[in-house]
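> one predicted model, sequence on top.
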Amino acid sequence: MAGGKAARGDMTVGPIWQKLLLFFFPTWFGAVFQQLYNTADAVIVGRFVGTGALAAVGVGGTLVMFIGGVVAGLASGVAVVVAQRTGAGRPQEVRRAVGAAALASLVLGATLGVAGVLAMPAVLRAMDTPAGIFADSVLYMQVYLAGMIPMLFYNVGTGVLRAVGDSRRPLYFLAAASVLNILLDLLFVAALGLGVLGAALATLLSQAASALLVLHRLAGACAEGQPYRLQKEGLRLDPLALAAMARIGLPAALQAMLYDISNILVQVYINAFGTTAMAAWAVFGKLDSLFWMTVQSLGLAVTTFAGQNFGARRFERMRSGVRQACGIGFGFALGIVAFMLGLGGPLFGCFTADAEVVELGLLMARFVMPWYLSFIGIEVLSATMRGAGDTLVPTLITVFGVCAVRLAWLFWAAPLYGGIRAGLACFPVSWCVTLLLYLCYYLPGGWLRRRIDAQREE
């Protein structure tokens, strides 16, 4: 590394689209492997245990997305600070930020894990989880939450690696952990008959393995001489570094939390239609995740790109990045919609042989998936602002546009029409409102001028 930048990971020079795609593809493949954690659980549980267990894992999957979103939001604060300081060529500040983030992840992971295990029965009761799958849902989530420390450390560690432009090693780590997860699923669920417990244990052990791999990369000899190397003497809760990370990470975590709470309320709406609807929604969620892992991988690329270029004061390059990232995102979204709708029946059939579940799942897919295109602009614009350190207003936009509008639709509009499709309409309505608000905030450019002024004062 020269001047605090890895030549390959330097996103302040070179063709923008190429830099974004070089970062995107390893991140996307990593997200695919991460999704295999819960997808393998769902497929194996659905095939070897039954629809009830599949519904239990599906309810757990909704909460897993909620927890993962909060953790990713917190980790984004670390990634943005490291990316900006890497772009500005300040290795000592990178080193302090990495040490503070690693120690904070251990403390916060233990706190959230214990609190989550104790609160989970009450949370699932509040979600109106049916009595027939309640015990399995609680068991799945409590075992999952026991792995909060490795989960948080993994997200923070890979956030550091991606911030300096290394999106390949997180892919390798997730690939290894996902293969382990599938093998353990087959052992615990199919061979030993442990059911939902076996699926949860497989995920827990796989998360621990991925965290150990990240630790080896950050603290091992392979990181010798790198500003991001994690060393025992660097494990300090540096107030300035933590404050900078919290300023970005906490609003992002709050945004993810509220976003996922709205999704949990959609799950509650679906629960009212019975186990078949819950199973269909669980399977749809697994297929739907292909889009979300794609758009989130693009968002990570844009955040790192914007963070490094903002730190290097290459503001026009940031604006060009927004346009090119939107073009890339639209292309991917169109391909995903065509693939999913064209092969919907066989894809749903991979998860369950229940014809009613397949039919209802296809209805959900045909109603929601065409609206994916509206979310591309939301992700690219919010990722750009996050990379520049502007989180407060984007968080408020998301809270209102995605959360408040969605909840208002679920509580007032959906009951007027009734049925599953009336509830699912909350997605396109909230996405379109949010995109309009983001465009109104981004296009005048005042947000960037304020961040430039703030950068001069730092």
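Yep, that arrived. Numbering: from 1, shown residues only.

> can you map out the strands along the protein?
Assigned by DSSP state E, the chain shows no strands.

> could you list the buried residues of the one helix or strand in it whose mean pLDDT sits lowest?
Every helix and strand in the chain was compared by mean pLDDT, DSSP states H and E; the lowest is helix 51-87, with a mean of 75. Neighbour counts over helix 51-87 (16 or more other CB atoms under 10 Å) mark 51-87 as buried. In this view, the C-beta of every residue, glycine as well, is placed from N, C-alpha and C.

> same check, this time on stretch 168-187
Neighbour counts over stretch 168-187 (16+ other CB under 10 Å) mark 168-171, 173-175, 177-178, 180-182, 184-186 as buried.

> ok, so of these, who is nearest L139?
Using CB to CB, D185 comes nearest to L139 of the buried residues of stretch 168-187, at 15.6 Å.

> which sections of the protein are below the confidence cut-off?
For the chain, the stretches flagged by pLDDT under 70 are 1-9, 34-41, 58-62, 65, 221-223, 225, 234, 456-458.

> find the residue at the geometric middle of it.
G69 (4.9 Å; CA atoms, centre = their mean).

> quick check: closest non-adjacent residue to that residue.
Spatial nearest neighbour of G69, excluding adjacent residues (CB to CB, 6 or more residues apart in numbering): A256 at 3.4 Å.

> so what's that neighbour up against?
For A256, the contact set (CB atoms under 8 Å, 6 or more residues apart in numbering) comprises F66, G69, V70, A72, G73.

> show me the contacts for F66.
Contact analysis of F66 by CB under 8 Å, 6+ apart lists A256, M257, D260, I261, N263, I264.

> rerun at 6 Å
Contacts for F66 (CB atoms under 6 Å, 6 or more residues apart in numbering) come out as D260.

> do T275 as well
If a contact means CB under 6 Å, 6+ apart, then T275 has A55 as its contacts.

> and the contacts of A256, which is closest to L22?
Proximity of the contacts of A256 to L22 (CB to CB) peaks at A72, which lies at 21.3 Å.

> leaving out the residues flanking it, which one is nearest to the closest one?
N155 (6.0 Å).

> count the neighbours of the one you found for me.
Neighbour count of N155, defined by other CB atoms under 10 Å: 25.

> what does L237 give?
12.

> got a list of what it touches?
A100, L103.

> any idea how far A211 is from it?
20 Å (CB to CB, to the nearest Å).

> could you do P428 as well?
37 Å.

> so for those two, which sits in the more crowded spot?
For P428 and A211, the more surrounded residue by other CB under 10 Å is A211, and the numbers stand at 25 against 17.

> contact partners for the nearest residue to C326 once chain neighbours are set aside?
In this structure, C326 finds its nearest non-sequential neighbour in V380, 5.2 Å apart by CB to CB, 6+ apart. Neighbouring residues of V380 by CB under 6 Å, 6+ apart: V302, V322, A325, C326.

> before we move on, back to that, so the residue nearest to the centre of the chain makes contact with I261?
No. Using CB atoms under 6 Å, G69 is not in contact with I261; the gap is 9.8 Å.

> all helices for the stretch 101-250 of the chain, in order.
Taking DSSP state H, counting those that start in this stretch, the helices of the stretch 101-250 of the chain run over residues 131-145, 148-163, 168-185, 195-219, 239-271.

> can you say which of these is packed in most?
By mean neighbour count, with neighbours taken as mean count of other CB atoms under 10 Å, helix 148-163 ranks first of the helices of the stretch 101-250 of the chain at a mean of 27.

> CA atoms only: put it into CSV for me.
Taking Å, rounded to 0.1, in the frame of the first residue of the first chain, the C-alpha atoms of helix 148-163 are listed here in CSV:
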residue,chain,number,x,y,z
MET,A,148,-24.2,-12.0,17.6
ILE,A,149,-20.5,-11.4,18.5
PRO,A,150,-19.1,-13.2,15.4
MET,A,151,-21.9,-11.8,13.3
LEU,A,152,-21.1,-8.2,14.3
PHE,A,153,-17.3,-8.7,14.1
TYR,A,154,-17.6,-10.2,10.7
ASN,A,155,-19.6,-7.3,9.3
VAL,A,156,-17.3,-4.7,10.8
GLY,A,157,-14.2,-6.6,9.6
THR,A,158,-15.5,-7.0,6.0
GLY,A,159,-16.6,-3.3,6.1
VAL,A,160,-13.0,-2.4,6.7
LEU,A,161,-11.7,-4.6,3.9
ARG,A,162,-14.3,-3.2,1.5
ALA,A,163,-13.6,0.4,2.5
